[in-house]
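Asker: Give me a 3D structure for the following:
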Amino acid sequence: MKSYNAILIGNGIMGARHRARFEACGVRFVQIVDVGDSVCDDAVDFAVVASPATTHYAYAKHFLERGVPVFVEKPLATSAEEAQELVNLSLRNGVKLFVAQSECYNPLFLNFRKHFLSELNKLCVARKSPPTGDVATPLVHLEFRREHRPSNRCLDVGVSLDLMVHDFSLFLTMFPYRDIRVESIEESPNGNRARAQLKVVSGPFAGVSADFVVDRESATDLRNITVNFPRNGELPSSSYTVSLARYTPEGEIAHIPDSLDNEHKFFLKLLAGACGHWGRRAAQNAADCVRLAVSDEQ
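Answerer: I've put the predicted structure just below:
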């Protein structure tokens, strides 16, 4: 594998995790800086931006304008306009932009996605009438629930940009943004709890709806997807829940290294010239997640 020189902005918990995994892949960090420190981006192959969310846009734009590929922590930016600007800048300058939405590379989710979409496709084939935006009987209902115990991390943005973007990103790997309508989104006054509802209103999966519930001051740690198939003709109703995490005996989430490892390997493949189409889709997915997360402000 080619050896790379990189720069790291932000050496907190996530910065340290990214650094360790990239170094395990042979990456050499020639500079590690915190917010406000001067940045020397000469002779680096890419930049890792793991600084506070409110600084992501400025740092990512700085590097993209100089032709330096960027690996940036989620969220890509804190406004829909800035997020899309970064994606457009990446495409215009031909520079790689990757957003670390690690749940998209979680093997537990990838296994769920494979089997769920297989079920859903069979249901769509069996559906007699063509789909419309307001199907009388919902095709399927999903609930994404993500709860964390209180911490001091990522408090510079509300919980929608901190946690809900994870589950939005999962939803968008299954259903195109162009087919989705925001039914509702609401964040608590203190910014630590939020609920949203999305509906697929066009395309072959019209009739799919989803609730998203996030809480970062919960008494427990939880990352679940619940699937509810309503009764459909001869088919009985059914439901099941899958976890996107493994747990310690104390009920805390056990780290799943594959998710972070997989996203780092994917980024390095992008740098090597592979998977370009998927990389562009992933970047647009990240911008669309920001657009959904701040839709209550539009």
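
Asker: just how off-centre is the helix ranked longest in the chain within its chain?
Answerer: For the chain, the longest helix by residue count, based on DSSP state H, is helix 107-126. Per CA atoms, centre = their mean, to the nearest Å, the displacement of helix 107-126 from the mean C-alpha position of its chain is 19 Å.

Asker: any low-confidence regions in this protein?
Answerer: 1, 127-137, 153-154, 231-236, 251, 255-257, 296-298 (pLDDT under 70).

Asker: those helices in it, which residues are they?
Answerer: 13-24, 56-65, 80-93, 107-126, 159, 165-172, 257-271, 276-293.

Asker: which one of these lies closest to residue 178?
Answerer: Among these, helix 276-293 comes nearest to residue 178, with 9.3 Å by CB to CB. Where C-beta positions appear, they are placed from N, C-alpha and C, glycine not excepted.

Asker: packing partners for that closest one?
Answerer: helix 80-93, strand 97-100, helix 165-172, strand 180-187, helix 257-271 (3 or more CB pairs under 8 Å, 6 or more residues apart in numbering; DSSP states H and E).

Asker: again, 7 Å this time
Answerer: helix 80-93, strand 97-100, helix 165-172 (3 or more CB pairs under 7 Å, 6 or more residues apart in numbering; DSSP states H and E).

Asker: from these, which stretch is densest packed?
Answerer: strand 97-100 (a mean of 26; mean count of other CB atoms under 10 Å).

Asker: residues contacting the nearest residue to residue 14 once chain neighbours are set aside?
Answerer: Distances taken as CB to CB, 6 or more residues apart in numbering place residue 50 nearest to residue 14, at 4.7 Å, with adjacent residues excluded. By CB atoms under 7 Å, 6 or more residues apart in numbering, the contact set of residue 50 is 8-10, 12, 14-15, 18, 73.

Asker: Output those residues in CSV; the columns should cover distance to residue 90.
Answerer: What follows is the contacts of residue 50, written out as CSV (distance: CB to CB, whole Å):
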residue, distance to residue 90
8, 20
9, 17
10, 20
12, 25
14, 21
15, 21
18, 19
73, 16
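
Asker: Return the closest of these with respect to residue 181.
Answerer: Nearest to residue 181 among these, with distances taken as CB to CB, is residue 73, at 28.5 Å.

Asker: Can you give me the neighbour number for the closest one?
Answerer: Using other CB atoms under 10 Å, residue 73 has 24 neighbouring residues.

Asker: Could you list everything it pairs with in the sheet?
Answerer: residue 100 (DSSP bridges).

Asker: and the gap between it and residue 212?
Answerer: 20 Å (CB to CB, to the nearest Å).

Asker: and what of residue 138?
Answerer: Separation of residue 138 from residue 212 (CB to CB): 16 Å.

Asker: Just want to know which of those two has more residues nearby.
Answerer: Each of residue 138 and residue 212 has its neighbours counted (other CB under 10 Å); residue 212 has more, 25 against 15.

Asker: Now do the more buried one against residue 237, distance only.
Answerer: For residue 212, the distance to residue 237 equals 22 Å [CB to CB].

Asker: Also residue 248?
Answerer: For residue 248, the distance to residue 237 (CB to CB) stands at 34 Å.

Asker: next one: residue 205
Answerer: Taking CB to CB, one finds residue 205 at 18 Å from residue 237.

Asker: same thing with residue 49?
Answerer: Distance, residue 49 to residue 237, by CB to CB: 45 Å.

Asker: higher neighbour count, the two?
Answerer: Neighbour count, other CB under 10 Å: between residue 49 and residue 237, residue 49 has more, with 25 against 9.

Asker: Spatially nearest residue to the more buried one, not counting backbone neighbours?
Answerer: Among residues not flanking residue 49 along the chain, residue 72 sits closest, at 4.1 Å (CB to CB, 6+ apart).
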